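1. structure, please.
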Amino acid sequence: MPVDTSPGRPARANRGAKLVARLGAPLLVLGVVLPARARADEEPACNAWEVEYGLNANVKITDTTMGAGNGTWPIGPGTAVVRYENVNGQPGGAARLLSYRMRDHLTIKTSILLASASVTAESVTQTTPNACGIAADGTLAGRSLKWKTPWSGLRSDGTLHCEGSLCGKFGAPPSGDSPVHIAPHPAQFKSFEFSEDKKTFTSDWSVSSHQDSPSQTSSVQLAGRENKRTCVVAKACP
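-> Residues are numbered from 1 along each chain as shown. Model (predicted):
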């Protein structure tokens with residue numbers, strides 16, 4: 001049958017072409033959007049923030065024999081990595097300490113009666129995470145990160161160098177170089193108190209270690225500043 005191509009009656013082929021023209025753009029858009037949605041299902045959005053902090057600290061030593069080694073010294077630098085929940089696109093809620101590492105370099109000058117010594121410590125203190133990679137659990141509420149559990153496996157390894165007539169006496173290390181190893185142990189740290197923008201924090205004195213022979217208690221006061229944050233997919237760990 002001949003096709004009527006008169007001005008008043010457009011051909012069916014022409015009408016079909018117009019329909020395709022009208023629907024073409026939406027179809028192309030759908031062709032792009034649908035694969036993107038599929039990829040989003042395969043790669044879920046991050047559900048946690050890992051924040052790395054640069055640390056400085058003070059260490060306070062007390063309970064030494066006759067108070068000869070008591071004092072306060074600056075130490076550092078160090079780092080800590082904390083994983084937070086993703087709360088409305090920001091770190092918050094449950095928090096987990098993934099790692100803590102602090103350089104301990106200090107020189108202690110002591111004297112008892114007519115004997116004296118200079119002891120230089122060069123060591124590293126760090127946590128030991130569990131099988132899930134976690135060293136402690138806490139909660140960030142407002143500007144305060146409170147630790148609900150002790151920091152696990154806190155240990156120190158390094159060397160001591162002693163010079164003077166007091167070396168090897170009254171709990172002082174032997175003359176010259178000697179290794180120092182403080183076995184892994186739990187330590188309950190005070191909360192991190194953040195600034196208004198949550199980029200920096202301070203933490204009050206926390207007892208990091210204690211020993212009876214020779215007698216000594218070490219406490220640490222921390223100050224931290226955010227170095228970087230990364231949004232990650234945190235998988236559940238039994």
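
2. how about T65, what does it touch?
-> The contact partners of T65, by Cβ atoms under 8 Å, 6 or more residues apart in numbering, come to 112, 170-171, 214-215. Yep, even glycine has a C-beta here, placed from its N, CA and C like the rest.

3. mark which of those are buried, thanks.
-> Neighbour counting by 16 or more other Cβ atoms under 10 Å classes 112, 170-171 among the contacts of T65 as buried.

4. three-state assignment of R229?
-> Using DSSP: H, G, I helix; E, B strand; the rest coil, the structure places R229 in strand.

5. residues contacting it?
-> Shown in contact with R229 (Cβ under 8 Å, 6+ apart): 49-52, 91.

6. can the contacts of T65 go into a markdown table with extra columns for distance to E85?
-> Conversion of those to a markdown table gives the following (distance: Cβ to Cβ, whole Å):
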| residue | distance to E85 |
| --- | --- |
| I112 | 52 |
| F170 | 50 |
| G171 | 46 |
| P214 | 44 |
| S215 | 42 |
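
7. want to try a markdown table for the buried ones among the contacts of T65, with pLDDT and distance to G164 as columns?
-> Shown next, in a markdown table, are the buried ones among the contacts of T65 (pLDDT from 0 to 100; distance: Cβ to Cβ, whole Å):
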| residue | pLDDT | distance to G164 |
| --- | --- | --- |
| I112 | 86 | 11 |
| F170 | 84 | 12 |
| G171 | 83 | 14 |
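
8. longest single strand anywhere in this protein?
-> When the chain is scanned for its longest strand (criterion: DSSP state E), the result is strand 90-112.

9. bridging residues for the residue nearest to the spatial centre of the chain?
-> Geometric centre of the chain, nearest residue: V81, 1.1 Å, by Cα atoms, centre = their mean. Assessed by DSSP bridges, V81 has beta-bridge partners E52, S99.

10. same question, T72
-> In this entry, T72 is beta-bridged to K60, by DSSP bridges.

11. quick one, what contacts it?
-> Here T72 is in contact with 58-61 (Cβ under 8 Å, 6+ apart).

12. again, 10 Å this time
-> T72 makes contacts with 58-62, 106, 205, 219, 221, as judged by Cβ atoms under 10 Å, 6 or more residues apart in numbering.

13. any idea of the pLDDT on it?
-> With respect to pLDDT, T72 scores 97.

14. and it, how far from A183?
-> Distance, T72 to A183, using Cβ to Cβ, to the nearest Å: 24 Å.

15. quick one, domains of the chain?
-> Under the assignment named as automatic domain parsing, the residue ranges that make up the domains of the chain are 1-43, 48-232.

16. let's have those in a markdown table, adding distance to P238.
-> Shown next, in a markdown table, are the domains of the chain (distance: least, Cβ to Cβ, whole Å):
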| stretch | distance to P238 |
| --- | --- |
| domain 1-43 | 24 |
| domain 48-232 | 8 |
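
17. deepest-packed of the ones you listed, please.
-> Across the domains of the chain, the average number of neighbours (mean count of other Cβ atoms under 10 Å) peaks for domain 48-232, which reaches a mean of 17.

18. ends of that one, what's the gap?
-> Terminal residues of domain 48-232 lie 5 Å apart, using Cα to Cα, to the nearest Å.

19. what's the angle between the helix or strand hosting R225 and strand 90-112?
-> R225 is part of strand 215-232 when elements are defined by DSSP states H and E. In terms of direction (axes from the mean of the first three to the mean of the last three Cα atoms, to 10 degrees), strand 215-232 departs from strand 90-112 by 160 degrees.
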